[in-house]
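1. Need a 3D model of the following:
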Amino acid sequence: MKSAADIRCFPFTEFEGWGRCAEAVKSLIALHGSRRVLEIGAGVSPALDKAFCAEAGVEFTASDASQAELAQAGGRAGLTLLDAAHWYATLGSLPFLANRLLPEPVSTLLLRHLAPRDEEQHGKLPAPYRWCQGQTPRRVKAYAALGFELLEYHGYFGHKYYKGRLPRLHRLELAKMHFLLRSPSPRLTRYAKVVLRKR
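-> Predicted coordinates:
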């Protein structure tokens, strides 16, 4: 199945999924005229708050596999179904592939050593990665089977997990990123953004 979606690749430094997520979601709402929006994997910090949704006339649902994370979100969202925007990690880089393949205790220890962070705010999540591959025709068909049309897929190459602790690997990762930006392969993205419209 062919898609007329906006499918492009970028360096990881342009990934909006962390610090710029709320503004990116608001831009997507304006661009696509969305009125019902689903954020998948919203965690403790859903992208939109009640004040924005009321002002913009948007019905917003935050979903997450962790009920505890959503409970900490403070009831910022409703419960309906809609268009979806999802930023996520893919299996196209060694850290996430290792996270998928290694037992949880081992991958947790590696993360603490290589990329220490506030585990209360940014704890390591279980790694099922069922739908977290790069964009492929098979994935577009899977979205369609669920009743969604793919509007955007942006893949992001590279990461900074090696920076500081493993500088040589970091330089190799950046070289790989530049190569992949010239010759993109959706299977090797590190992060992705998917925007879907309910048919």
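
2. show me where pLDDT drops low in the protein?
-> 1-3, 65-83, 119-129 (pLDDT under 70).

3. 90 - rerun?
-> Scanning the chain for pLDDT under 90 picks out 1-7, 15-22, 24-25, 28-29, 31-50, 59-143, 146-153, 159-166, 185-199.

4. quick check: longest helix of it.
-> For the chain, the helix that runs over the most residues, judged by DSSP state H, is helix 167-182.

5. Can you name every helix or strand that that helix contacts?
-> Identification of packing neighbours for helix 167-182 by 3 or more CB pairs under 8 Å, 6 or more residues apart in numbering; DSSP states H and E yields strand 6-11, strand 148-157. Where C-beta positions appear, they are placed from N, C-alpha and C, glycine not excepted.

6. Quote the end-to-end distance of stretch 174-192.
-> Stretch 174-192 stretches 17 Å from its first residue to its last (CA to CA, to the nearest Å).

7. who's in contact with E23?
-> Taking CB atoms under 8 Å, 6 or more residues apart in numbering, we find E23 in contact with E16.

8. what angle separates the strand or helix carrying L111 from helix 167-182?
-> Assigned by DSSP states H and E, L111 belongs to helix 104-114. Computed by axes from the mean of the first three to the mean of the last three CA atoms, to 10 degrees, the angle separating helix 104-114 from helix 167-182 equals 100 degrees.

9. Measure how buried the residue nearest to K193 when sequence neighbours are not counted is and give me the count.
-> Distance criterion CB to CB, 6 or more residues apart in numbering; nearest residue to K193, sequence neighbours excluded, is H154 at 4.4 Å. Other residues near H154 come to 21 when the count uses other CB atoms under 10 Å.

10. the helices in this structure, which residues?
-> Counting by DSSP H, the helices of the chain are 21-32, 50-56, 67-72, 94-101, 104-114, 119-122, 137-145, 167-182.

11. Redo those as a markdown table? Include distance to R8.
-> Formatted as a markdown table, these follow (distance: least, CB to CB, whole Å):
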| stretch | distance to R8 |
| --- | --- |
| helix 21-32 | 14 |
| helix 50-56 | 26 |
| helix 67-72 | 30 |
| helix 94-101 | 21 |
| helix 104-114 | 29 |
| helix 119-122 | 27 |
| helix 137-145 | 15 |
| helix 167-182 | 10 |
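
12. Nearest to A4, out of these?
-> helix 137-145 (10.6 Å; CB to CB).

13. Tell me who's in contact with the residue nearest to M177 when sequence neighbours are not counted.
-> With sequence-adjacent residues excluded and distances taken as CB to CB, 6+ apart, M177 is closest to G158, at 3.2 Å. Applying CB under 8 Å, 6+ apart to G158 gives the contacts P11, F12, T13, S93, E173, L174, K176, M177, L180, R190.
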